[in-house]
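**Student:** coords please:
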Amino acid sequence: MAEIYRSIDENGNVVFTDKPSAGAELIEVDELQTIQPPPVGDFEYTPPPAKPEPKYTEVSITSPQDDMAIRDNGGNVTVSIMTKPALQGSDMLVLYLDGKEFLLGKSTTRSFSGLDRGSHQLRAVIKNAEGRIQQSSTSVTFHLLRHSVR
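**Tutor:** Numbering: from 1, shown residues only. Now for the predicted structure:
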């Protein structure tokens, strides 16, 4: 182990070094305590648990189709949804029409009446009992054409 010296330079800074200089003070350093680590056994890799397969492989809106024009002066539209496999246990089907949530429960169809003319967007999701989304469909846009009173 090297010797350590303490001195003060011309600017008043304390300097520690291993080289003696005029006016330097030898610092006594206690011997370092060392601890021997315990022996390490052989490493055995344990892979992480496999992610469970998703319960649902698909949820999609089968009617109306994307970019479909629907002519109905009453604003009536029937939405049909397909899931693979069928809904299981306490899982529920939820439909979003223009961002507004409609709980369908186990039903895969929903009829709307009195919808305003124009473009509307649909999306279906399957939620578990805790409200977590299990599977989601792609968004579908349909265009409702109604006769104008003007």
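
**Student:** the domain parsing of this protein - what is it?
**Tutor:** Using automatic domain parsing, the domain parsing of the chain gives 1-29, 58-145.

**Student:** Just the residues contacting the longest strand along the chain, thanks.
**Tutor:** Criterion DSSP state E: the longest strand present in the chain is strand 118-127. Residues from elsewhere that reach strand 118-127 (CB atoms under 8 Å, 6 or more residues apart in numbering): 56, 59-61, 64, 77, 79, 81, 83, 87, 91-99, 133-144. C-beta coordinates here come from the backbone N, C-alpha and C atoms, glycine included.

**Student:** Could you export that strand as PDB, CA atoms only?
**Tutor:** Taking Å, rounded to 0.1, in the frame of the first residue of the first chain, the C-alpha atoms of strand 118-127 are listed here in PDB:
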ATOM      1  CA  GLY A 118     -73.600  11.900 -41.700                       C
ATOM      2  CA  SER A 119     -70.600   9.800 -40.900                       C
ATOM      3  CA  HIS A 120     -70.500   7.700 -37.800                       C
ATOM      4  CA  GLN A 121     -67.800   5.500 -36.300                       C
ATOM      5  CA  LEU A 122     -68.100   2.100 -34.600                       C
ATOM      6  CA  ARG A 123     -65.700   0.000 -32.500                       C
ATOM      7  CA  ALA A 124     -66.400  -3.100 -30.500                       C
ATOM      8  CA  VAL A 125     -64.400  -4.400 -27.500                       C
ATOM      9  CA  ILE A 126     -64.600  -7.300 -25.200                       C
ATOM     10  CA  LYS A 127     -64.100  -6.500 -21.500                       C
END
